[in-house]
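Undergrad: Pasting a predicted model and its sequence here:
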Amino acid sequence: MNAVAIEARGLGKRYGRSWALRDCSLSIPGGHIVGLVGPNGAGKTTFLSMAVGLSTPTAGEVRLLGAHRAGSPDALDMVAFVAQDAALYRNLTVSDMLRVGRSLNRRWDERTAQDRLAELGIPLDRRVGALSGGQRAQVALSLALAKRPGLLVLDEPLAALDPLARHEFMSSLMAAVAEDGVSVVFSSHVVAELERVCDYLVVLQDGRVQVSGGVEDLTAEHHVLVGPADQADEVAALLPVVRERRAHAQAHLLVRCAEGFPVPPGWQHHPVTLEEIVLTYMREPAAAALPGPKAVAR
Amino acid sequence: MTIDKGPSPIVFRLDPGSGVPTYLQLVHQVEQALRLGHLRLGDQLPRVRDVVAGLAINPNTVLKAYRELEHRGLVAGRRGQGTFVERTLDRAGIREQADLRRTLLDWMRAASAAGLDDAGMSALFTAALLDRHKDTGAGGEGRTEGIA
């Protein structure tokens, strides 16, 4: 459970003359559900495709589940990938897709896949192209889980789904995590869903890692302070400010510091949701990925 | 209508707008069910897999809630079987509640005399609750610890 799920060191990918991902170093512990967020073009898909071995790094390296170099046969055995828009062969039937999976993988749990699909009421003889978007996503998930992976990677699994299909997809995914203990990394634009699902968060920005950490740590370390604008500079000198908004009289400072810090007199302290933290960092590309107090202690 | 076929007499729901952490919402709902008599001694809590599949939340959140309930001495996990109620909660005494309500009304009169309106009182109460949570640690509420 505690082995490192994904470890990247100095990872970079260049397409032509521009770097899609650059100097990316991070270590994601196993046994988590990791949300990978960032604006379009931040490098999410690039990072994930290197992690699952679909593309090779221009610089640095990425290793999975302890020591396996991404793309090596051992790593490929242990990782399953659901690509954007659940890429499947639309002319094949669901049972054909199962046969493809069975033939292409060394580890394959046909029984579980069939049971899952039956439970979801997805007919095996239906062509993939004739399924709804939600059903296609569920088929892709069932195929991925049939590998019995140690690490499941999903690229924007929710993007094309309506709210109900999203909920059902996430329910299936969470149930699979509860049963198999598989580590999950998924990229998403749906920031509101993250808080219920993720316990670890990575924010990518302009091809670099901006924030990386456990959700509980992140929410405990971020606070909003509200107080008189003329004292904001004083407070900002004492505490690391991620973002500030100031009017004539009032200032809001989103700060990152350990819990239990002394709140300056005359200031009010509010907890922050994960959604607010994510949006704040996405709005402030320059905000440094400040190491949290715990990260320093490690 | 969907009837939950799981082994537990209760089901959870979430209030995403409440601002209360998810695990704490589960803890509160179990306590509430104990007070209302929906959960009795020996009853099973919903299985982690069922909760997770129903609400689409992280399994660790459910485990954290059940650990917290265990820590409060209300439930116990049995290996490979599930989590079961060990102890019920007395319904808060009716007289006790009435007394508390009276003190609260006194407080509100004082607050109103000091110029606070309803929203102001509510804000103050919520802020004080938050402070209290901070003082009693990450687990929040310390109140059930005292009930034997």
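TA: In hand now; what should we look at?
Undergrad: which element follows the lengthiest helix in chain A toward the C-terminus?
TA: Longest helix in chain A, counting residues (DSSP state H): helix A:163-180. For helix A:163-180, the succeeding helix or strand toward the C-terminus, using DSSP states H and E, is strand A:183-187.
Undergrad: mind checking the backbone torsions on the nearest residue to residue A:72 once chain neighbours are set aside?
TA: In space, residue A:72 comes closest to residue A:53 once its chain neighbours are excluded; the distance is 7.5 Å by C-beta to C-beta, 6 or more residues apart in numbering or on different chains. The C-beta positions use only the backbone N, C-alpha and C, and glycine is treated the same way. Note on residue A:53: its backbone torsions stand at phi 90, psi 20 [degrees, to the nearest 10].
Undergrad: Surely residue A:53 is in contact with residue A:76?
TA: Yes: using C-beta atoms under 8 Å, residue A:53 is in contact with residue A:76, at 5.8 Å.
Undergrad: shaky segments in chain A?
TA: Low-confidence segments of chain A, defined by pLDDT under 70: A:1-2, A:288-298.
Undergrad: picking that back up, now the longest helix of chain A: buried residues?
TA: A:165-178 (16 or more other C-beta atoms under 10 Å in any protein chain shown).
Undergrad: Identify the farthest-apart pair in the residues you listed.
TA: Comparing all pairs in the buried residues of helix A:163-180 by C-beta to C-beta, the longest separation belongs to A:165 and A:178, at 20.3 Å.
Undergrad: In chain B, which residue is most central in space?
TA: Residue closest to the mean C-alpha point of chain B, counted by C-alpha atoms, centre = their mean, is residue B:28 at 1.3 Å.
Undergrad: Pull the number of nearby residues for the closest residue in space to that one that isn't next to it in sequence.
TA: Excluding its sequence neighbours, the residue lying closest to residue B:28 (C-beta to C-beta, 6+ apart) is residue B:20, at 7.4 Å. When neighbours are defined as other C-beta atoms under 10 Å in any protein chain shown, residue B:20 has 14 of them.
Undergrad: Confirm for me that residue B:20 is in contact with residue B:27.
TA: No: using C-beta under 8 Å, residue B:20 is not in contact with residue B:27; the gap is 9.6 Å.
Undergrad: what does the domain assignment say about the chain?
TA: Reading this off chain A. The record's domain parsing of chain A by automatic domain parsing lists A:4-206, A:217-297.
Undergrad: hmm, I had chain B in mind actually
TA: Per the record, chain B has its domains at B:1-91, B:93-141, by automatic domain parsing.
Undergrad: of all the residues in chain B, which ones are close to chain A?
TA: Taking C-beta under 8 Å from any C-beta of the partner chain, the part of chain B that reaches chain A is made up of B:14, B:16, B:19, B:22, B:48-49, B:52-62, B:127, B:130, B:134, B:138.
Undergrad: 10 Å instead?
TA: Taking C-beta under 10 Å from any C-beta of the partner chain as the measure of proximity, chain B contacts chain A at B:14, B:16, B:19, B:21-23, B:47-64, B:123, B:127, B:130-131, B:133-134, B:138.
Undergrad: Could you pull up phi and psi at residue 118?
TA: If you meant another chain, say so; for now it's chain A. phi -70, psi -40.
Undergrad: my bad, the chain I had in mind was chain B
TA: With angles defined as degrees, to the nearest 10, residue B:118 sits at phi -60, psi -50.
Undergrad: just so I have it, where are all the helices in chain B?
TA: Using DSSP H, helices in chain B cover B:22-36, B:48-55, B:59-71, B:94-113, B:118-135.
Undergrad: Give the buried residues for the third one.
TA: Which is helix B:59-71. Within helix B:59-71, the residues scored as buried using 16+ other C-beta under 10 Å are B:59-69.
Undergrad: just the residues you listed now: which is nearest chain A?
TA: Distance to chain A, by C-beta to the nearest C-beta, is smallest for residue B:59 among the buried residues of helix B:59-71, at 4.0 Å.
Undergrad: Can you tell me the closest non-neighbouring residue to the closest one?
TA: Once flanking residues are discounted, residue B:59 sits nearest to residue A:178: 4.0 Å by C-beta to C-beta, 6+ apart.
Undergrad: That neighbour: what's it in contact with?
TA: The contact partners of residue A:178, by C-beta atoms under 10 Å, 6 or more residues apart in numbering or on different chains, come to B:47-53, B:58-60, B:62-63.
Undergrad: if you set the cut-off to 8 Å instead, what comes out?
TA: Counting by C-beta atoms under 8 Å, 6 or more residues apart in numbering or on different chains, residue A:178 touches B:48-49, B:52-53, B:59, B:62.
Undergrad: How much space separates it from residue B:23?
TA: Between residue A:178 and residue B:23 the computed distance is 15 Å (C-beta to C-beta, to the nearest Å).
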